[in-house]
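Colleague: with the sequence up front, the predicted model follows.
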Amino acid sequence: MYQEDIADAFDGLDRALPWWRGLDPVRGRALAEMAFNMGLGDHDHGLLSFQHTLLCMESGQWGAAAEGMRSSKWHRQVGDRDERLAT
């Protein structure tokens, strides 16, 4: 089941954010972990609700992307785990 869930997260990222495959391995895994944990969702829920953060990631603005992650409700819910992904 776990492997299927990971494959689903990767497939969702491929469909919604095709640029994610061009990220370096560490950033790609961080984005995949976010998709796995929150679900892909839409503009109101899940990973796709991080619209500004995702735009920053796509354009290589890593500091702004990390700040977007740190200022989210998700960050308050996952605490230290988010800090590892945001750095």
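Modeller: Cool, got the structure. Residues are numbered from 1 along each chain as shown.
Colleague: contacts only, for L17.
Modeller: 31, 54, 58 (CB atoms under 8 Å, 6 or more residues apart in numbering). Every residue, glycine included, has its C-beta placed from N, CA and C.
Colleague: run a quick neighbour tally on the first one.
Modeller: The tally of other residues near L31 (other CB atoms under 10 Å) stands at 22.
Colleague: shouldn't it be in contact with L13?
Modeller: Yes - under the criterion of CB atoms under 8 Å, L31 makes contact with L13 at 6.8 Å.
Colleague: need the residues touching each of the two.
Modeller: With CB under 8 Å, 6+ apart, L31 and L13 have common neighbours W20.
Colleague: buried stuff in the helix or strand harbouring W74?
Modeller: Assigned by DSSP states H and E, W74 falls within helix 73-78. Buried residues in helix 73-78, counted by 16 or more other CB atoms under 10 Å: 74-75, 78.
Colleague: spatially nearest residue to the residue nearest the centre of the chain (excluding sequence neighbours)?
Modeller: The residue lying closest to the centre of the chain (CA atoms, centre = their mean) is L31, at 3.3 Å. In this structure, L31 finds its nearest non-sequential neighbour in W20, 5.4 Å apart by CB to CB, 6 or more residues apart in numbering.
Colleague: secondary structure class for the one you found?
Modeller: Put simply, W20 is helix when judged by DSSP: H, G, I helix; E, B strand; the rest coil.
Colleague: can you give me the strands for the protein?
Modeller: Using DSSP state E, the strands of the chain do not appear at all; there are none.
Colleague: any stretches of it with poor pLDDT?
Modeller: For the chain, the stretches with pLDDT under 70 are 79-87.
Colleague: looking at it, which residue lies furthest from center?
Modeller: M1 (21.0 Å).
Colleague: give me the neighbour count for the closest residue in space to H43 that isn't next to it in sequence.
Modeller: What sits nearest to H43 in space, not counting adjacent residues and going by CB to CB, 6+ apart, is S49, at 6.0 Å. For S49, the count of nearby residues is 17 (other CB under 10 Å).
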